[in-house]
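S.K.: model the structure of this input:
(one chain, ligands or ions: 1)
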Amino acid sequence: MMNVPLLDLQAQYATIRWEVRKAIDRVCDSQRFVLGPEVTALEREIAAFCGAKFAVGVSSGTDALLASLMAIGVGPDDEVITSSFSFFATAGVIARLQARPVFIDIDSRGFNLDPKDVQAKVTGRTKAILPVHLFGRCADMDDILEVAGEHGINVVEDAAQAIGARDDQQRSAGTVGSMGCFSFFPSKNLGGFGDGGMVVTNDAALAETLRVLRVHGGKPKYHHSLIGGNFRLDALQAAVLRVKLKYLPLWTEARRHNARRYRNLFSEAGLLEQIGLPEDTPGHIYNQFVIRCPDRDRLQIFLRKQGIETEIYYPIPLHLQDCFFKLGYRNGDFPRSETAALEALALPVYPELTEEQQRYVIEQIRNFYLQVRSSLKTEVLMPQAS
Ligand SMILES: *Cc1c(COP(=O)(O)O)cnc(C)c1O
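M.R.: Numbers count the residues shown, from 1 in each chain. I've put the predicted structure just below:
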C-alpha cells in the first residue's frame with residue numbers, strides 16, 4: 001500500500017527550511033511582531049505579483065472578506081449576492097454584518113456561480129456581488145461586472161483559493177472587482193504558518209479605509225470615526241509568506257502539471273465515462289483537483305483504506321446550512337449546487353505529488369469501479385444469491 005496524503009506540507013517545508021528559519025530569525029531579532037516592515041514588504045510584493053495598486057495585510061481570509069464588506073458599508077438590511085457552493089466564510093461574513101446573503105446556483109460547467117442568474121437577483125438593497133473563484137479557477141466575471149456597473153454595485157472577489165489564477169482575459173484573480181480577498185491558511189496555494197489574509201485593490205480610498213478598519217477603525221490612533229476590528233497580520237506570517245511567494249509560480253506550475261497528468265491517466269484508464277474532470281483553463285491554479293463521481297462516499301472510504309486521502313468540498317451547500325434556515329431556502333432550490341455536494345471529491349494535487357502516487361490513485365479508483373462497486377451492486381440487486 002502506498003501513502004498519498006491530500007497535501008504534504010512537510011515535503012514543501014524541507015525544500016525551503018533554511019530560508020524560512022532565517023526569515024523567522026530576522027523577525028525574532030527585531031521583536032516587531034504585528035504589522036511593521038515585514039508586512040509592508042509582503043503587501044508590496046503581493047500587489048506586484050497580482051498587478052494591483054494596493055494590498056492590505058489582514059489576519060485571515062475571512063477577515064479580508066469581512067473588512068472588505070465593512071469598507072463598502074455593508075450593514076443591516078443590505079443584500080449581497082453570492083454562490084450557494086463555497087466555504088462557509090463566504091456567506092458567514094455577510095450574515096455577521098446583519099446583511100442578507102442572496103444565493104445563486106453554480107453553472108453547469110464547473111463549481112462557480114452562474115453569472116446569468118445574477119441580474120435577476122438584484123434589488124434596490126443589493127450592496128455587493130461576491131463571486132468565489134472556487135478551487136483555483138476564476139469565475140466568469142464579465143456578466144457580473146456588467147450587472148454591477150449598471151446598478152452601481154461593488155464586486156468583491158473571494159479569491160481565497162485563487163492567488164495567481166487568471167481568467168480567460170488574463171486578468172489576475174482579485175484584481176477584477178473593486179477588492180479581492182486572499183487567504184494564507186496553510187492549505188491554500190500560498191500558505192503561512194498559521195492564519196493570514198490580504199485584500200488587494202486599485203482604489204486608493206478603499207485601501208486607506210481597509211488600513212484603518214484593521215486597527216479598530218482608529219485614525220489617528222485612539223480616534224475612531226469608524227468601528228473596525230483587530231484584523232492585523234503578524235510579522236512572522238509575513239516573513240514566512242515572503243519566502244514562499246518566490247516559489248509560488250513554480251509550485252503552481254507543478255500543480256498544473258499534476259492536473260494534466262491526472263487527465264491523461266483518467267483517460268488511459270477508461271474512466272472518463274464515470275468520472276467528471278474539472279474543466280481546465282490556462283489560468284486554473286488547482287488549489288484543489290475536484291472530480292465528480294458516482295457513489296462518492298463509498299469511493300472515499302475505499303480510497304482511505306488504500307492509503308489515499310481525499311476531501312469533500314463541500315458536503316452541504318450554503319443555502320441548506322442550519323444557521324441560514326430562516327432565510328427560507330429549501331432543498332431543490334439550487335439543484336446544481338446540491339448535486340455538486342453529493343458528487344464532488346478532491347484528489348491530492350499538491351506540487352510534490354509524484355507520478356507514481358498519481359498512478360496509484362488512478363489504479364485504485366479504477367479498482368473501485370471495476371470490482372468493489374460491481375460486487376456491491378450485486379449484493380444490493382440479489383440479496384438472496386449468497
Ligand atoms: C479558505 C477560504 C476562506 C477563508 O479563509 P481563512 O483564511 O481560512 O479565514 C474564505 N473563502 C474561501 C472560498 C476559502 O477557501
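S.K.: report the separation between Pro317 and Cys323.
M.R.: Per CB to CB, to the nearest Å, Pro317 is found 13 Å from Cys323. Yep, even glycine has a C-beta here, placed from its N, CA and C like the rest.
S.K.: the more surrounded of these two?
M.R.: Between Pro317 and Cys323, counting by other CB atoms under 10 Å, Pro317 is the more crowded of the two (25 against 11).
S.K.: my read: that one touches Phe85, true?
M.R.: Yes. Between Pro317 and Phe85 there is a contact at 5.3 Å, judged by CB atoms under 8 Å.
S.K.: give me the common contacts of these two.
M.R.: With contacts taken as CB atoms under 8 Å, 6 or more residues apart in numbering, the residues that reach both Pro317 and Phe85 are 334, 337, 340-341.
S.K.: quick one: the strands in the stretch 1-150 of the chain?
M.R.: For the stretch 1-150 of the chain, strands defined by DSSP state E, counting those that start in this stretch occupy the ranges 54-58, 79-83, 100-104, 126-130.
S.K.: okay, now the sheet partners of the first one, with direction.
M.R.: Using DSSP bridges, strand 54-58 pairs in its sheet with strand 197-201 (antiparallel).
S.K.: which pLDDT value goes with Asp105?
M.R.: Per-residue confidence (pLDDT) for Asp105: 98.
S.K.: chain neighbours aside, what residue packs nearest to the single nearest residue of the chain relative to the ligand?
M.R.: Of all residues in the chain, Gly61 sits closest to the ligand, at 2.4 Å by CB to the nearest ligand atom. Take Gly61 and drop its neighbours on the chain: the residue closest to it by CB to CB, 6 or more residues apart in numbering is Ser183, 2.4 Å away.
S.K.: show me what the one you found is bridged to.
M.R.: Beta-bridge partners of Ser183, as defined by DSSP bridges: Gly197.
S.K.: what about Gly152, how many residues nearby?
M.R.: 7.
S.K.: Ser60 versus that one, what's the distance?
M.R.: In terms of CB to CB, Gly152 sits 29 Å off from Ser60.
S.K.: with mean neighbour count as extra columns, can I get the strands of the stretch 1-150 of the chain in TSV?
M.R.: Formatted as TSV, the strands of the stretch 1-150 of the chain follow (neighbours: other CB atoms under 10 Å):
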stretch	mean neighbour count
strand 54-58	27
strand 79-83	26
strand 100-104	23
strand 126-130	25
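S.K.: pipe these into JSON lines and attach distance to the ligand per row.
M.R.: Shown next, in JSON lines, are the strands of the stretch 1-150 of the chain (distance: least, CB to the nearest ligand atom, whole Å):
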{"stretch": "strand 54-58", "distance to the ligand": "9"}
{"stretch": "strand 79-83", "distance to the ligand": "9"}
{"stretch": "strand 100-104", "distance to the ligand": "13"}
{"stretch": "strand 126-130", "distance to the ligand": "10"}
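S.K.: in the stretch 151-300 of the chain, which spans are strands?
M.R.: Secondary structure of the stretch 151-300 of the chain by DSSP E, counting those that start in this stretch: the strands cover 154-158, 179-183, 197-201, 289-292.
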